[in-house]
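Student: just need the structure, nothing else, for what follows:
(one chain, ligands or ions: 1)
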Amino acid sequence: MTSTADLYGDNVGATLATTVYSRATAGERYRIPGWRDAQARDVWERLVELGRAAGSDPNDLVLTGKSNVAGTAWRSMAMDARVRQFAADHEATKIQVVTLGVGLCNRASRLADLDASWFGIDRTKVLELRSRLIPEDDTQLIDASVTEPGWIDGVDAAVPTVFVAEGLLMYLTRDEVTQILTDIGRHMSAPARFVCDSHHASIIRRPTRSQITRRTGAVYSFGIEDSRHLAALAPGWRAVGDDDTCSPIGVGMKIASGVFRMLRGGVLYGVKTIELSPR
Ligand SMILES: C[S@@+](CC[C@H](N)C(=O)[O-])C[C@H]1O[C@@H](n2cnc3c(N)ncnc32)[C@H](O)[C@@H]1O
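Tutor: Model (predicted):
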């Protein structure tokens, strides 16, 4: 019998099942305008087949509630738009898109029209799984932990680059997130953008046992108020914008997000975009 560790490496690796499941199913289940991801559907089916054959059904790992499923699609859409915007700002050049904790992310297929080189960083087991499930994808895979030195060495510092961290930062510590931003700031000479999703800091109590913890064992650790606070973690960064990806999920989430904003300031959960100031 195969364990989740055999397939995904560790508890955080196993969280990739929920993201691909959500992108595969959200469009039809919740009629999200503009969201259809045919490749995610194929990849999810392949994952279920492979997992079941190995005795570890990925359905046992996923969160199927509307806030997670629709919320993942809304956040992926917001991140796609932020990547597209950066490409438009640098339309004269081929850009790099570097995904930290790439899992089974297939943004490269959704944004196939961009003039971009795609890189994906993750740990060994996840990259083995990805290569089996998406053999048609030509993302250049880098076997590394983004919390260890050297993860950025394969990225060309002279090419405008978007770094994307989707569904990742909440599993890292504040020091690790700060180090990642510092690493990017030291490495890049060309313009760089960092796009991530996160909860507001005030709802992450360390360590936070969420629904995903019950499913996978992975524990939330990091949250941040908004893009200004994120940019302030390391030298050279400035805020570009915040996308509230809770509100579009439905009326209840819109009210919750609005009340939260009034009481605390900042976004309950959403996409944050920051850029390195030109040197
Ligand atoms: C929730 S999944 C998200 C996957 C992908 N970004 C997506 O949106 O489909 C989190 C991913 O981060 C990866 N990850 C977690 N910690 C990491 C680290 N220190 N270095 C590289 N990857 C990491 C996990 O292996 C997993 O693939």
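Student: please make it C-alpha for all contacts and neighbour counts, starting now.
Tutor: Will do.
Student: how about the residues of the stretch 1-150 of the chain by the ligand?
Tutor: Counting by CA under 6 Å from any ligand atom, the stretch 1-150 of the chain comes close to the ligand at 12-13, 15-16, 19-20, 100-105, 121-123, 126, 145-147.
Student: those residues, buried ones only, as a ChimeraX selection?
Tutor: Those of these that count as buried under 16 or more other CA atoms under 10 Å are selected in ChimeraX with:
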select :12,13,15,16,19,20,100,101,102,103,104,105,121,122,123,126,145,146
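Student: would you map the helices across the stretch 51-200 of the chain?
Tutor: Taking DSSP state H, counting those that start in this stretch, the helices of the stretch 51-200 of the chain run over residues 66-89, 107-110, 124-133, 174-187.
Student: looking at these, which is nearest to Leu47?
Tutor: helix 124-133 (6.8 Å; CA to CA).
Student: got the buried residues for the closest one?
Tutor: So helix 124-133, judged by 16+ other CA under 10 Å, has buried residues 124-131, 133.
Student: now, which of these sits nearest the ligand?
Tutor: Minimum distance to the ligand across the buried residues of helix 124-133 is 5.8 Å, recorded for Val126 (CA to the nearest ligand atom).
Student: list the contacts of the closest one.
Tutor: Contact analysis of Val126 by CA atoms under 8 Å, 6 or more residues apart in numbering lists 7-9, 13, 103.
Student: repeat the analysis, applying 7 Å as the threshold.
Tutor: By CA atoms under 7 Å, 6 or more residues apart in numbering, the contact set of Val126 is 8-9, 13, 103.
Student: tell me which two in those are the farthest apart.
Tutor: The widest separation within the contacts of Val126 (CA to CA) is 11.2 Å, between Gly9 and Gly103.
Student: which stretches of this structure have low pLDDT?
Tutor: Low-confidence segments of the chain, defined by pLDDT under 70, span residues 1-2, 205-209, 278-279.
Student: centroid residue for it?
Tutor: Glu166 (0.7 Å; CA atoms, centre = their mean).
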